[in-house]
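>>> Mind looking at a prediction? Sequence and model below.
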Amino acid sequence: MFGDLEFTPRAVMLIACHSSLNPAYLFFAGNTNTPESYLRKKSSLLERITEIVCTRIDNMLLADSLGELNKRLDQKVIKRTRQLARVNEELRREILDRRQAQRELNEERELLMVTLASIGDGVISTDTEGRVVLMNKVAEELTGWSMKEAGSRPLTEIFRIINEQSRESCENPVDKVMKFGEVRGVDNNTVLLARDGREILIGDSGAAIRDADGRIIGVVLVFRDITESRRLESEMFKVRKLESVGVLAGGIAHDFNNLLAGIMGNISLAMLRSKKDDDIYSLLTEAEKASHRARDLTQQLLTFARGGEPVKKLSSIADIIRDSSAFVLRGSKVGIEYAIAPDLLPLEIDPGQISQVVRNLIINAVHAMPAGGLIKIKAENYYITSASAETLPPGAYVSLRVADNGIGIKPELLERIFDPYFSTKRIGSGLGLAITHSIIRKHHGEIRVKSWLGKGTEFIILLPALERVKLQAPEKGDAAPELYRGQGRILIMDDEEMLRTMLFVMLSRYGYEVIQAVDGEEVVRIYREAAAEGKPIDLVIMDLTIPGGMGGREAVRELRLFDPQVKALVASGYSNDPVMADYAAYGFSGAIAKPFKFQELCEQVRKILT
C-alpha cells in the first residue's frame, strides 16, 4: 500500500528496477486492473512517488559510483604513497651520498693543503686569467707575499722573474702554459725577484689544470730555490777540473823533482868541496836557494795532483795562522787583527799545507789592498748538525775566516777564482787559490768566498776537528844533525842515471859501499845474491815509480817475503803519494821527498841504520 494505491509485487519490482519509466507506464505496470479514471485522479501522486523513487535509486547508484571511486582513489593513494616513499628513500640516499662526498672533498682539500704545506717546493695556482688562486707556505716565503695579500692579484705582480744574465723580464709562465697546453719549464738562469728585494735563483715548471672534459681551467706553477744546488754543481765542476789538471801537474812535478834532485845534490856536493869564504861558495848558495824556490813550486803542483794525500798530524791551527801571516806581512803596509778563540779544537792536518793555505789567502788580501789596509782573521769552533743546510757531514769543525777591506772581486769572476792559472793580477802564477781549494778538499773541508766590490773579500774555511782529544805541548826541537861517516852496504834504485850517480858519489864520500840498480827486479835479484854470498845489503833506497818496470812499492813487498827484516827507504818525487804519508804501512823504514838536501838524506840513513 502507498496511500490509496495498492501495488503488486511485480509493480514494485519494476519501479525499483526502472526509475526512469514515465508515470503512465508505471501506473499500468503497477496495477492493470485499475480503471483509467482512477489513474488520472491519482497521476500527481504517481509523479511524486516516481520522483522520490528515482531520487533514491539515483542516490543508490551514486553511492555505488562513489564507492568505486573511493576504492580507486585509495588504490592510487597507496600507489602514490609507495612512489613517494621510494622517492624519499632515494632522496635520503642522495643526501647521504652528498654528505659523504662533501666529507671526502673536505678531507681531500685538507690533505692537499697539508701536502702543499709539507713539500719543499713553492706552489702557486692561478685561473685562466692568470690571477692567483692558491699559494703554499714555501711560495709565500720565496715571493715575500702572503696568500691573503696575493689572492686574486695578477701572477706577474707576485711572481716576478728575470734572466740572470741579461736581466730582462721572462715570459709569464701562465701565458706559455695557456699557449701550448702542456708542461713548460723555465730557463736555468731564471731569477725570482722577491717582494723584499731578494734575488733567488729558481728552477720551475708550469702545467695546465684541466677539468673532467679536458678543458683548461687554470695553471699550477711549481718552483724551488736552486741557489745551493747550483753552488754544489759548480763545486763538483771545479773538483773535476782540478783533478784533470792534477793528473798533468803530478806527472810534470815528478819529472821536475827528479831533475831538481840531481841539481840540488850536485850543488850540495860542490858546496862540500868548496870553502865558505870562496866566491864560488856564495854562488852555489844562491843556486841552492833558487832550487828551493823551484821545489816549492813543484810542491804546489803536487798538492792537487791526483792521488796526493797530505801528511797529517795532530796540530793547532792557531800557531800556524800567526806564524804564516806574520811571515807574509813582514815589511808590508797592511795590518792584521786576530780573533782566535782560546778553546780551538785540535785538527789532524798537514801543517805545511795549511800554512801554505794561510799564506796564499794573506798574499791575495795584500794584493787587493795596494795602498794598505787591514786583514781580519777569525778562528772559532763550528758545529754542523743534521738539520744544518751544509754540504759537509755533521760534526765538529774549526772555522777560519780571512777578510780584507780591499777592492773586492767582480761577481762574474767569483766562480773562476779557484781555477788553475786564473788571475786578475799582473803578478803571481794563478795557482794560489787553486792550490788552496785542493788542500782544503783533501783535508775533507770546504772553502767559500764572499766579495763586495769596493768593500772587500772574505774567505771562509771549514776543517774537520777532533773532539775529546787534547793537544800536547810541542817538544823542543833537537839541534841540526852533523854529517858523519858511516859504514854498510847500500843498494840504490832509480831510473834516472843522474840521480843514481849523484847518490853514489854522496854516499860513497861518507864511507858507504854503494850498489846501483835501475828497477825493482834488479833490486830483488841483487839483494838475494848478496845474501847468498854472505854480504847482505844493509839498506835499500828506492824510487816509487819506474816507467815500464817494477817500482819501489812492489819491490819492497818482494823483499819482505824474502827477508822480513829488510830496511828500505823510499825516495820519491810524488811527495804527496799515500806511501809517503804512511810509509810503514807499505813496508818501508823511512821516506824522503825529492828533491832533498844531502844533509836530509844522511840523517835519514843514520836513523834507519842505527
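Okay, I see it.

>>> Can you list phi and psi of the residue nearest to the spatial centre of the chain for me?
The centroid of the chain falls nearest to residue 229 when counting by CA atoms, centre = their mean (5.4 Å). The phi/psi pair for residue 229 (degrees, to the nearest 10) reads phi -70, psi -30.

>>> Let me know the distance separating residue 294 from residue 496.
Distance from residue 294 to residue 496, counting by CB to CB, to the nearest Å: 17 Å. Every C-beta, even on glycine, is put in place using the N, C-alpha and C of the backbone.

>>> In the stretch 501-610 of the chain, where is pLDDT below threshold?
Where the stretch 501-610 of the chain drops to pLDDT under 70, the residues are 574-576.

>>> for it, what spans make up the strands?
Taking DSSP state E, counting those that start in this stretch as the criterion, the stretch 501-610 of the chain contains strands spanning 513-517, 539-542, 568-572, 590-593.

>>> got TSV for those, with mean neighbour count too?
Shown next, in TSV, are those (neighbours: other CB atoms under 10 Å):
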stretch	mean neighbour count
strand 513-517	18
strand 539-542	26
strand 568-572	25
strand 590-593	20
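
>>> Determine which of those strands approaches residue 432 most closely.
Across the strands of the stretch 501-610 of the chain, residue 432 has its closest neighbour in strand 590-593 (21.3 Å, CB to CB).

>>> helices and strands around the closest one, which ones?
On a contact count with 3 or more CB pairs under 8 Å, 6 or more residues apart in numbering; DSSP states H and E, strand 590-593 meets strand 568-572, helix 578-581, helix 598-609.

>>> Okay, now the unreliable bits of the stretch 251-400 of the chain?
Low-confidence regions of the stretch 251-400 of the chain, defined by pLDDT under 70, span residues 293, 296-297, 299-309, 311, 387-389.

>>> mind checking which of the strands of the stretch 501-610 of the chain is nearest residue 385?
strand 590-593 (39.2 Å).

>>> still on that earlier bit, now the strands of the stretch 501-610 of the chain in a markdown table, with distance to residue 555?
A markdown table is the format used below for those (distance: least, CB to CB, whole Å):
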| stretch | distance to residue 555 |
| --- | --- |
| strand 513-517 | 9 |
| strand 539-542 | 6 |
| strand 568-572 | 8 |
| strand 590-593 | 15 |
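
>>> closest one to residue 321 among these?
Among the strands of the stretch 501-610 of the chain, strand 590-593 comes nearest to residue 321, with 24.8 Å by CB to CB.

>>> Walk me through which strands the closest one pairs with, and which way each runs.
Counting by DSSP bridges, the strands paired with strand 590-593 are strand 568-572 (parallel).

>>> Please compute how far the strand it pairs with lies from its chain's middle.
Distance of strand 568-572 from the chain centroid (CA atoms, centre = their mean, to the nearest Å) equals 43 Å.

>>> do the same with stretch 515-526
Remark: stretch 515-526 is offset 52 Å from the chain centroid, using CA atoms, centre = their mean.

>>> Mind listing residues that contact that stretch?
Residues from elsewhere that reach stretch 515-526, judged by CB atoms under 8 Å, 6 or more residues apart in numbering: 489-495, 500, 504, 530, 537, 540, 542, 546, 549-552, 554-555, 558-559, 562.

>>> That one: end-to-end distance?
The first and final residues of stretch 515-526 sit 9 Å from each other (CA to CA, to the nearest Å).

>>> got the buried residues for it?
Neighbour counts over stretch 515-526 (16 or more other CB atoms under 10 Å) mark 515, 516, 517, 519, 520, 521, 522, 523, 524, 526 as buried.

>>> how much space between the closest residue to the fifth one other than its chain neighbours and residue 544?
Spelled out, it's residue 520. Here the nearest residue to residue 520 in space, its sequence neighbours aside, is residue 550; by CB to CB, 6 or more residues apart in numbering that works out to 2.8 Å. Per CB to CB, residue 550 is found 11 Å from residue 544.

>>> what about those two, which has more around it?
Remark: of residue 550 and residue 544, residue 544 carries more neighbours, 23 against 18, as counted by other CB atoms under 10 Å.

>>> List the contacts of the more buried one.
551, 552, 553, 570, 572, 574, 577, 579.

>>> go on, residue 335?
Counted by CB under 8 Å, 6+ apart, residue 335 has contacts 372, 373, 374, 375.

>>> out of these, which are buried?
Using 16+ other CB under 10 Å, the buried ones in the contacts of residue 335 are 373, 375.

>>> So which of the contacts of residue 335 belong to strands?
373, 374, 375 (DSSP state E).

>>> Now flag whichever of those is closest to residue 104.
Closest to residue 104, out of all of the ones in strands among the contacts of residue 335 and judged by CB to CB, is residue 375, at 66.1 Å.

>>> Just to check, the closest one is in contact with residue 406?
No - checked against CB atoms under 8 Å, the pair residue 375 and residue 406 is beyond contact range at 9.2 Å.

>>> who touches both of those two?
Taking CB under 8 Å, 6+ apart as the contact rule, residue 375 and residue 406 both touch residue 365.

>>> Looking at the contacts of residue 335, which two lie furthest apart in space?
Using CB to CB, the two most remote members of the contacts of residue 335 are 372 and 375, lying 10.7 Å apart.

>>> shared neighbours of the two, anything?
Both residue 372 and residue 375 are in contact with 334, 335, where contact means CB under 8 Å, 6+ apart.

>>> related to what we said a few turns ago, model confidence score at the residue nearest to the centre of the chain, please.
pLDDT for residue 229: 80.

>>> hang on, the earlier thing: take the contacts of residue 335 and lay them out in TSV including distance to residue 208.
Below are these laid out as TSV (distance: CB to CB, whole Å):
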residue	distance to residue 208
372	62
373	57
374	58
375	57
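
>>> of the contacts of residue 335, closest to residue 101?
residue 375 (70.2 Å).

>>> which residues does that closest one form a beta bridge with?
On the basis of DSSP bridges, residue 375 is bridged to residue 336, residue 404.

>>> Could I get the contacting residues of it?
Contact partners of residue 375, counting by CB under 8 Å, 6+ apart, are 325, 329, 334, 335, 336, 337, 362, 365, 366, 402, 403, 404.

>>> Buried subset of these, written for PyMOL?
To isolate the buried subset of the contacts of residue 375 in PyMOL, counting by 16+ other CB under 10 Å, use the following:
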select buried, resi 325+329+334+336+362+365+366+402+403+404
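
>>> Reformat the buried residues of stretch 515-526 as JSON lines; add distance to residue 140.
Formatted as JSON lines, those follow (distance: CB to CB, whole Å):
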{"residue": "515", "distance to residue 140": "80"}
{"residue": "516", "distance to residue 140": "77"}
{"residue": "517", "distance to residue 140": "75"}
{"residue": "519", "distance to residue 140": "70"}
{"residue": "520", "distance to residue 140": "68"}
{"residue": "521", "distance to residue 140": "73"}
{"residue": "522", "distance to residue 140": "75"}
{"residue": "523", "distance to residue 140": "72"}
{"residue": "524", "distance to residue 140": "73"}
{"residue": "526", "distance to residue 140": "78"}
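
>>> circling back to that earlier point, quick one: which of the contacts of residue 544 is most hemmed in?
residue 552 (29 neighbours).

>>> That one touches residue 569, doesn't it?
No - the criterion here is CB under 8 Å, and residue 552 misses it with residue 569 at 9.3 Å.

>>> Any chance you could list residues touching both of those two?
Common neighbours of residue 552 and residue 569, using CB under 8 Å, 6+ apart, are 542, 588.
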